[in-house]
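Asker: Need coordinates for the below:
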Amino acid sequence: MSAAIRRGLLTFAAPALVVTLITAVVTWPQALHLSTHVMSHDDPLFSMWRLAWVAHALVTDPRHLFDANIFYPATNTLAYSDAMMLEGLIGAPLFWIGVSPIVIYNLLLVGAIVASGLAMFLLARDLTGDDKAAIVSAAIFTAAPYRIEHFMHLELQWAMWVPLAFWAMHRAMDSRPWQYGVLAGVFLWLQIMSSVYYGVFLAMTMAAFVLVLLATHPREAARALPAIAIGVALALVLAVPYALPYLETAHTLGDRETAEVAAYSATLASYVASPPQSLLWGWTADRFGSAELKLFPGAITIVLVIASAFYRPRRLTLVYASLALVTILLSLGLNGPVYAWLFDHVSALRGFRSPSRFGIMVACALAVLAGFGARTLRERLVSANSRAEAAFTGGLLMLIAIDNATTGLWLGPPPYQPAGAYNVYKTIRGLGPGPIVELPLPRLDRLPGREATYQFWSITHWQPIVNGYSGHYPREFVQTVDRMQNFPDERSLAQLRAIGVRYIVVHRAFYRDDDYREVINRVAARPELQAGGRYVDPVGDCLLFILNK
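Answerer: Below you'll find the predicted structure:
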């Protein structure tokens, strides 16, 4: 190992330790349950299914990667939500060697938070030339309350490419503009592959960033602009194959309802609302926030951002203060003039439900400013003594951890067992392939019901299932749910035959006792429903029926 590599590893050793510890604190007790627990929410089940589907499709039929096994008979269903392609590619080898999907999911989740902190350290260190200030920036970005608000969303923790893109653009202004301009584009592409939301929002933020740089650093920015433009063009070209399924989905499903986008647009009050799990600030959750609209950056972050006003060189502070302001305005979505105008004029934005997710861009800008503020306070309050400076930085890190600590995230074990334990699906495989509908289905006004659970269980068999949980519901699924309300009446059975369903699995644990008995009695009276036996499922037992044509 060369001396340069050793120095680089040593430089990142302390920040890696800090951000790992900070991650453990703010996500407690996740570190104790990496192999058994996930956030108590449907989205981790959805994410594990997405990761597993990519691994499965890559070795079975990669040409139909986006034709996932949900919402049968709809196609292109992986594009109904973020496919998390980069996460899927990274996780695939672990699935192939038999690692538990819970372990894979948690490694990708926690690892992304740590990697985001290290990426911020690189950016802040390059801007300040100060490791101690950079560690503070890394801690702020790692511990951002926004992360806890979205802890159930794996793809929304993959934000490491945001500070790396800014780092590359700064480097493009300072030296070797072509090399770093292209690298900025590569980071943008990787962000698109990790999270489509963040990829599009990063592209918009980079455009604003370039305008700010042209205003504050005109000569350097103008020199780097052609290289950055080529890098961005490269990212867009690389993203075209990935974008095509989403464009097809947008054409099929149409735009988001304006009222839905408005509901997930932030307000200024959102920036004083913290997630309910916050130890110090959880009381603000219901008072000022709602779902995805809890964007409080933390009290210590605010103090350090204010202190950054005294940082020199002032132009850098102006750059990131401007970036913070722009991204806050964009996070307001339809409640603010900037995004509302873009929403009316840029059709691509009409597929995005939650403009408030610009909050991660706000968190990035504030983390940089916090590093500036930390260095300013340290230089003004602490004499040039290495021990005193280390103690000051250590004290700041402790305050950041306390400020962003939680009372404990709401975790639970997902309903999962190895594939061999689900003998109902082993039986189905033995009977021959065929589409499955899992019951009970919810009413249309009570979606998603148990759909995420059924979808998660499908990783043990990969048969096509009528059920599904994603960002959209296709027309076929809505029609089936509507016609299945009185199963097994003529209307419901006609619908199942029309879409080609062969197997019906009835899960007892998800019914009330009276409803279950009624359904089973009615099924027994239907000769076209052949009994396939009683089996175990991860939450109790189930009955299998085969629909005769």
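
Asker: As a check, name the ranges of all strands in this protein.
Answerer: Remark: strands assigned in the chain by DSSP state E are 38-39, 411-412, 436-439, 503-507, 529-537, 540-547.

Asker: Kindly present those as TSV, with separate columns for distance to R387 and mean pLDDT.
Answerer: For glycine as for every other residue, the C-beta is placed from the backbone atoms N, C-alpha and C. Output for the strands of the chain, formatted as TSV (distance: least, CB to CB, whole Å; pLDDT from 0 to 100):
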stretch	distance to R387	mean pLDDT
strand 38-39	41	97
strand 411-412	39	96
strand 436-439	63	96
strand 503-507	62	96
strand 529-537	60	90
strand 540-547	61	92
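
Asker: Please identify the deepest-packed of the ones you listed.
Answerer: strand 38-39 (a mean of 25; mean count of other CB atoms under 10 Å).

Asker: Out of the strands of the chain, which is closest to S81?
Answerer: Checking these against S81 by CB to CB gives strand 38-39 as the closest, at 16.8 Å.

Asker: Give me the residues contacting that closest one.
Answerer: With contacts defined as CB atoms under 8 Å, 6 or more residues apart in numbering, strand 38-39 is touched by 44-45, 48, 102, 105-106, 151-152, 409-412, 414.

Asker: hmm, back to that, how about the strands of the chain, which one is nearest R357?
Answerer: Each of the strands of the chain was scored for nearness to R357 using CB to CB, and the closest is strand 38-39 (17.3 Å).

Asker: on that earlier part again, right, and the strands of the chain - which one's nearest A307?
Answerer: Comparing the strands of the chain by CB to CB, strand 38-39 comes nearest, at 34.2 Å.

Asker: Can you tell me the strand partners of the closest one and which way each runs?
Answerer: strand 411-412 (antiparallel) (DSSP bridges).

Asker: D131 touches R125, doesn't it?
Answerer: Yes - using CB atoms under 8 Å, D131 is in contact with R125, at 6.0 Å.

Asker: ok, these two, which is more surrounded?
Answerer: Each of D131 and R125 has its neighbours counted (other CB atoms under 10 Å); R125 has more, 22 against 15.

Asker: Can you tell me the closest non-neighbouring residue to that one?
Answerer: Of all residues not flanking R125 in the chain, A134 sits nearest, at 3.7 Å (CB to CB, 6 or more residues apart in numbering).

Asker: do the same with S274
Answerer: W281 (3.7 Å).

Asker: Quick check: the gap between that neighbour and V19.
Answerer: Remark: distance between W281 and V19 (CB to CB, to the nearest Å) = 21 Å.

Asker: The two: which is more packed in?
Answerer: Higher neighbour count among W281 and V19: V19, with 26 against 20, using other CB under 10 Å.

Asker: so what's that one scoring on pLDDT?
Answerer: pLDDT recorded at V19 is 97.

Asker: For the nearest residue to it once chain neighbours are set aside, grab the count of nearby residues.
Answerer: Of all residues not flanking V19 in the chain, G117 sits nearest, at 3.2 Å (CB to CB, 6+ apart). Applying other CB under 10 Å, we find 29 residues neighbouring G117.

Asker: Could you do the one 5 residues further on as well?
Answerer: A count of nearby residues for L122, using other CB under 10 Å, gives 20.

Asker: C-alpha coordinates for stretch 524-537, CSV please?
Answerer: Only the C-alpha atoms of stretch 524-537 are listed here, as CSV (Å, rounded to 0.1, in the frame of the first residue of the first chain):
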residue,chain,number,x,y,z
ALA,A,524,-67.2,-24.2,-0.1
ALA,A,525,-70.4,-23.6,-2.0
ARG,A,526,-68.5,-22.8,-5.2
PRO,A,527,-67.6,-25.9,-7.2
GLU,A,528,-65.3,-24.0,-9.5
LEU,A,529,-63.0,-23.3,-6.5
GLN,A,530,-61.0,-26.5,-5.8
ALA,A,531,-59.6,-26.9,-2.3
GLY,A,532,-55.8,-27.1,-2.3
GLY,A,533,-55.3,-27.7,1.4
ARG,A,534,-54.3,-25.9,4.6
TYR,A,535,-50.8,-24.5,5.0
VAL,A,536,-48.7,-22.4,7.2
ASP,A,537,-47.8,-18.8,6.4
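
Asker: Adjust the sequence numbering to begin at 57 for everything that follows.
Answerer: Done: numbering now begins at 57, and the last item shifts to stretch 580-593.

Asker: Just the endpoints, please. Distance across stretch 348-368?
Answerer: 35 Å (CA to CA, to the nearest Å).

Asker: Against which helices or strands is the helix ranked longest in the chain packed?
Answerer: Taking DSSP state H as the criterion, the chain has its longest helix at helix 274-309. Packing contacts for helix 274-309, counted by 3 or more CB pairs under 8 Å, 6 or more residues apart in numbering; DSSP states H and E, involve helix 217-230, helix 233-250, helix 252-272.

Asker: With respect to R279, which of those helices lies nearest?
Answerer: R279 lies closest to helix 233-250 among the helices and strands packed on helix 274-309, at 6.0 Å (CB to CB).

Asker: Counting by contacts, list what the closest one packs against.
Answerer: Judged by 3+ CB pairs under 8 Å, 6+ apart, helix 233-250 is in contact with helix 141-152, helix 217-230, helix 252-272, helix 274-309.

Asker: deepest of the ones you listed, which one?
Answerer: Among these, helix 217-230 has the highest mean neighbour count (mean count of other CB under 10 Å), at a mean of 24.

Asker: Just the residues contacting that one, thanks.
Answerer: The contact list for helix 217-230, computed with CB under 8 Å, 6+ apart, reads 172, 175-176, 178-179, 182-183, 197, 235-237, 239-240, 243-244, 246-247, 250, 254, 258, 261-262, 265-266, 269, 273, 276-277, 279-280, 283-284, 287, 416-417, 420, 423-424.
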